[in-house]
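J.: build me a model:
(3 chains)
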Amino acid sequence: MQTPDENELVQKVLTQVLKNNVVDNKQKVGVSRLSSSINGVTEFIGTAPIGDTIGMAIANVDPELLKNLHVDHPYRSIGLLSARTGAGPQILSMDEAVKGTNTEAISVQMPRDTKMGAGHGSLIIIGGDDVSDVRQAVHIGLENVPKHFGDVYNTDAGHLELQYTARASQACNLAFGAPEGKAYGLIAGAPSGIGVVMADVALKAANVEALSFASPAHGTSFSNEGILHISGESGAVRQAVLSAREVGLKLLSQLGGTPTNDYPSYI
Amino acid sequence: MQTPDENELVQKVLTQVLKNNVVDNKQKVGVSRLSSSINGVTEFIGTAPIGDTIGMAIANVDPELLKNLHVDHPYRSIGLLSARTGAGPQILSMDEAVKGTNTEAISVQMPRDTKMGAGHGSLIIIGGDDVSDVRQAVHIGLENVPKHFGDVYNTDAGHLELQYTARASQACNLAFGAPEGKAYGLIAGAPSGIGVVMADVALKAANVEALSFASPAHGTSFSNEGILHISGESGAVRQAVLSAREVGLKLLSQLGGTPTNDYPSYI
Amino acid sequence: MQTPDENELVQKVLTQVLKNNVVDNKQKVGVSRLSSSINGVTEFIGTAPIGDTIGMAIANVDPELLKNLHVDHPYRSIGLLSARTGAGPQILSMDEAVKGTNTEAISVQMPRDTKMGAGHGSLIIIGGDDVSDVRQAVHIGLENVPKHFGDVYNTDAGHLELQYTARASQACNLAFGAPEGKAYGLIAGAPSGIGVVMADVALKAANVEALSFASPAHGTSFSNEGILHISGESGAVRQAVLSAREVGLKLLSQLGGTPTNDYPSYI
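T.: As a prediction, this is how the structure comes out:
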């Protein structure tokens, strides 16, 4: 079906083409940046080159704001990783970041976003007693983001996401109930039915524990994904993830297009 | 207003044009397929030519997955109809399918999707004791989908959806509370205010029962639709649907564009 | 990341280009209109030139519909302002409208929309004893909409929204808990983390009261926004809004593109 906006977009594109402002448009492409601040805005830390991901930190949060932030633990200093596209990649990225710094994830929120896509964006809030720890954690998180997009595969019709860590930390625990210190895997497919079949394949492929299964009406923000969270022995979790990916790639291809990842697979 | 992504899309389009990979893109267009399986993936049943709709079945669901699926009744075999765009069309399609087979709809979920649109996608899970019944039901459902897009009308600004059945079955009952065996009608408009006016016209046009009215904050997944569900005598339900469609087409046109259906009207 | 639809859009665009139906597309562009009715549809009032915003009124609502509308107070006559893109602009516009007419806002709903954007659309229902009052209020609301898009700034990556009124009325009270008669300010940023930093800056910039802070998982419809609602002395509220805007513009720019408003700033 032709989605409502497309004619309007076609129209805008043609207008742009007639204007011949290709150069002007080229200048609009976002670029990754990592700087300690932008003129006067000390909160800015940097951006990741994918997912419209921005990292920021507040050295001393206003108490009125902190009261209204719905965070698990109040901290003087908070860090923010915020993205239009992607929740798993950013959460796994921050999971490694909090592991290596004196910080803690205090809120993980998943807007229904990905621009035109079927999935989530993300807002991850971390806390620390020292803003330098918080800034360092957000730095590390931003640097990890591309790696964790390595097993995100997109087509016009949908996407797959696979994540794996041999040792889950506190962010994965807060976001997905992953037991800390144990291997954790995320298996997602969109449209959501593809995620259901991937989940079935994963659980049959290896002896892993199903932590939960999220779908449009249960545990997602109404995204069109089926998402299985698994835990267990690292080899088994990895095997389950790889088996699900193989089937997911074949299923998603049936809706047209070749599933493509923007960064090399890391699993 | 210019929505955030459009410049980026314009940019990507121009890049593509410069690359001259039109042919390459052409190959990416999704095509409908109905096959018993794809190399090794026995779960695949087929796709519908609209809505990025895919049909699958699992002969023997993993018990761990079944526990986490939030379905009404557990079945050894489940079928899946999953789509990026459209809930009503797929639900009505499966309503006829379960009617004619020894299967039952056990979960109907509506993600906030339709890609850039104002409405829902869908995940419909059916169950049966015999996987061949389940596969047959999904087959029938996929074949019904285009017909049930016949009264979905799109413009750049929004859409209308009308559905009608002289005899609702178990899927419409589970999804919308439609009394089984009685005529059922669905009347939707987006932006949602158009659906409010259509609902008012429908209820004044014929003696029908209002089962419920869904709007962005009540009974939708935050979609931008006003959706009336009606039941009653078949002639009255059909008359109410047709009256609402006439007014809806005029209202939606006021936002620009001509409301267009991709398949012939069936009501 | 390349969002799922883009190749499909590129494909459609190229097809359109080959068809050379530029003129045909041009005719599809929506235009603003303010008319008392369209042939036979007395409910239509008009449209605003932005946000796919349409205004309608029902002189005598069907009681069955009214029962299912989830409105605070039942009225014989209701007015509707409904939009694909924008909640704040339409709510502030209707806030002024109900102030000047004998009407009351009885429902404010925020779908997760803005087409491809990160924010909300809106459905605002007002009630009155006399349909002429209701129609007048919707008229005024439609005319106010462009002004209240004056401090909505968009890029490919996200958006900012600022609203300010020296004297909040009943619509802002119903929608955001703004004390009537006092100054009210709305400060929003997307991706949502930008809204968090803007909120912190606003609360530190002036002595204002934080009414609430909304984020993807708290108080939004899963939009990717951080939204602060403030109240207080008019000079202080305005100062807080302006300080947040300055920082928000710098942060959003870091994701690429120049934040642009479609109408002149009014704050």
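
J.: helices of the stretch 1-150 of chain A, start to end?
T.: A:6-19, A:22-26, A:63-67, A:88-99, A:131-148 (DSSP state H, counting those that start in this stretch).

J.: and what of the stretch 151-267 of chain A?
T.: Taking DSSP H, counting those that start in this stretch as the test, the helices found in the stretch 151-267 of chain A are A:170-176, A:192-205, A:234-253.

J.: follow-up on the earlier one: which one of the helices of the stretch 1-150 of chain A has the poorest average confidence?
T.: If these are sorted by mean pLDDT, helix A:22-26 sits at the bottom with a mean of 31.

J.: residues contacting residue A:193?
T.: With contacts defined as Cβ atoms under 8 Å, 6 or more residues apart in numbering or on different chains, residue A:193 is in contact with A:226, B:54, B:56, B:80, B:81, B:82, B:123. From N, CA and C alone the C-beta is placed, and that goes for glycine too.

J.: which of those residues has the largest number of neighbours?
T.: The member of the contacts of residue A:193 surrounded by the most neighbours (other Cβ atoms under 10 Å in any protein chain shown) is residue B:82, with 34 neighbours in all.

J.: apart from its neighbours in sequence, what residue is nearest residue A:157?
T.: residue A:255 (3.5 Å; Cβ to Cβ, 6 or more residues apart in numbering or on different chains).

J.: same check on residue A:210?
T.: Nearest residue to residue A:210 in three dimensions, chain neighbours excluded: residue B:64, at 4.3 Å (Cβ to Cβ, 6+ apart).

J.: gap between the one you found and residue A:190?
T.: Separation of residue B:64 from residue A:190 (Cβ to Cβ, to the nearest Å): 21 Å.

J.: higher neighbour count, the two?
T.: The residue with more neighbours, out of residue B:64 and residue A:190, is residue A:190; 33 against 19, by other Cβ under 10 Å.

J.: for residue A:86, give me phi and psi.
T.: The main-chain torsion angles of residue A:86 are listed as degrees, to the nearest 10 and equal phi 110, psi 130.

J.: you'd agree it is up against residue A:51?
T.: Yes - in this structure residue A:86 lies within contact range of residue A:51 using Cβ atoms under 8 Å: 4.2 Å.

J.: quick one on the thing from earlier: from the contacts of residue A:193, which two are the most distant?
T.: Comparing every pair within those by Cβ to Cβ identifies A:226 and B:81 as the most remote, at 13.2 Å.

J.: now list whatever residues contact both of these two.
T.: The contact lists of residue A:226 and residue B:81 share A:193, B:123, where a contact means Cβ under 8 Å, 6+ apart.

J.: mind listing what the residue nearest to residue A:108 when sequence neighbours are not counted touches?
T.: Distances taken as Cβ to Cβ, 6+ apart put residue A:175 closest to residue A:108, at 4.1 Å, once the chain neighbours are dropped. By Cβ under 8 Å, 6+ apart, residue A:175 lies in contact with A:87, A:91, A:105, A:108.

J.: per-residue confidence at the closest residue to residue A:220 other than its chain neighbours?
T.: Counting by Cβ to Cβ, 6+ apart, the nearest residue to residue A:220 once its immediate chain neighbours are dropped is residue A:214, at 4.9 Å. At residue A:214, the pLDDT value in this model is 97.

J.: burial of residue A:214, as a residue count?
T.: Per other Cβ under 10 Å, the neighbour tally for residue A:214 reads 24.

J.: thought it was touching residue A:222?
T.: No - using Cβ under 8 Å as the test, residue A:214 is too far from residue A:222 to be in contact (10.9 Å).

J.: distance of the residue nearest to residue A:179 when sequence neighbours are not counted relative to chain C?
T.: Here the nearest residue to residue A:179 in space, its sequence neighbours aside, is residue A:231; by Cβ to Cβ, 6+ apart that works out to 5.5 Å. Distance check for residue A:231 against chain C: by Cβ to the nearest Cβ, to the nearest Å, it reads 23 Å.

J.: re earlier: the residue nearest to residue A:157: what's it in contact with?
T.: Taking Cβ under 8 Å, 6+ apart, we find residue A:255 in contact with A:155, A:156, A:157, A:158, A:191, B:30, B:47, B:52, B:54.

J.: tell me if I'm right that residue A:230 and residue A:179 touch.
T.: No - with contact defined as Cβ under 8 Å, residue A:230 and residue A:179 do not form a contacting pair (10.9 Å).

J.: of these two, which one has the most company?
T.: residue A:230 (28 against 14).

J.: how is chain A partitioned into domains?
T.: Domain segmentation of chain A under the TED database yields A:42-149, A:151-262.

J.: out of those, flag the one nearest residue C:209.
T.: Relative to residue C:209, the nearest member of the domains of chain A by Cβ to Cβ is domain A:42-149, separated by 8.0 Å.

J.: now the end-to-end length of the closest one.
T.: 28 Å (Cα to Cα, to the nearest Å).

J.: what residues does the stretch 151-267 of chain A have near chain B?
T.: Counting by Cβ under 8 Å from any Cβ of the partner chain, the stretch 151-267 of chain A comes close to chain B at A:155-158, A:190-194, A:196-197, A:199-200, A:203-204, A:209-210, A:212-213, A:215-218, A:220, A:222-226, A:228, A:247, A:250-251, A:254-258.
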